[in-house]
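Q: This is the structure alone, sequence omitted:
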């Protein structure tokens, strides 16, 4: 039983570490530079993408929370983690600003929904 608890704690620690890295690097630093420096876009485009993702996540949070309570949190965490990873990877595969902004909006919204579902935000 002790080994199982240790594995659970270690797994959540790795999950939180990955969440921190995503929030610190993708959301707050590198994507803004990609928009403005690499793609030549305006700052307002990054601001609109992050604001849009937060607005949509706020609208979806009550529904997602109710579904999560009914089905269980682990399936939702797995789904939103995978969706966030896929959308973030697609940012790196695109060379178009608009596509990158859409993928960023999706990855950020999935990240916010993961945090809401996990209990970081209420």
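A: Right, received. Where do you want to start? Just so it is clear, the model here is predicted, and its values are computed rather than measured.

Q: tell me the helices in this structure, going along the chain?
A: Along the chain, the stretches classed as helices by DSSP state H are 2-21, 31-33, 43-71, 73-93, 97-118.

Q: Could you single out the most deeply buried of those?
A: helix 97-118 (a mean of 21; mean count of other Cβ atoms under 10 Å). C-beta here means a position set from N, CA and C on the backbone, and glycine is covered the same way.

Q: Just the mean pLDDT for that helix, thanks.
A: Across helix 97-118, the average pLDDT comes to 83.

Q: heads up, I number from 39, so please use that
A: Yep, numbering from 39; the last one is helix 135-156 now.

Q: ok, residues contacting that helix?
A: With contact meaning Cβ atoms under 8 Å, 6 or more residues apart in numbering, helix 135-156 is reached by 57, 60-61, 64-65, 69, 72-73, 77-79, 83-84, 86-88, 90-92, 94-95, 98-99, 102-103, 106, 111, 114-115, 118-119, 121-122, 125-126, 128-129, 132, 159-160.

Q: quick one, what contacts residue 118?
A: Neighbouring residues of residue 118 by Cβ under 8 Å, 6+ apart: 148-149, 151-152, 155.

Q: Redo the residues you listed as JSON lines? Include distance to residue 42.
A: Formatted as JSON lines, the contacts of residue 118 follow (distance: Cβ to Cβ, whole Å):
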{"residue": "148", "distance to residue 42": "29"}
{"residue": "149", "distance to residue 42": "28"}
{"residue": "151", "distance to residue 42": "28"}
{"residue": "152", "distance to residue 42": "24"}
{"residue": "155", "distance to residue 42": "23"}
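
Q: ok, of these, which one's closest to residue 53?
A: residue 152 (9.2 Å; Cβ to Cβ).

Q: State the distance from the closest one to residue 55.
A: Residue 152 sits 14 Å away from residue 55, taking Cβ to Cβ, to the nearest Å as the criterion.
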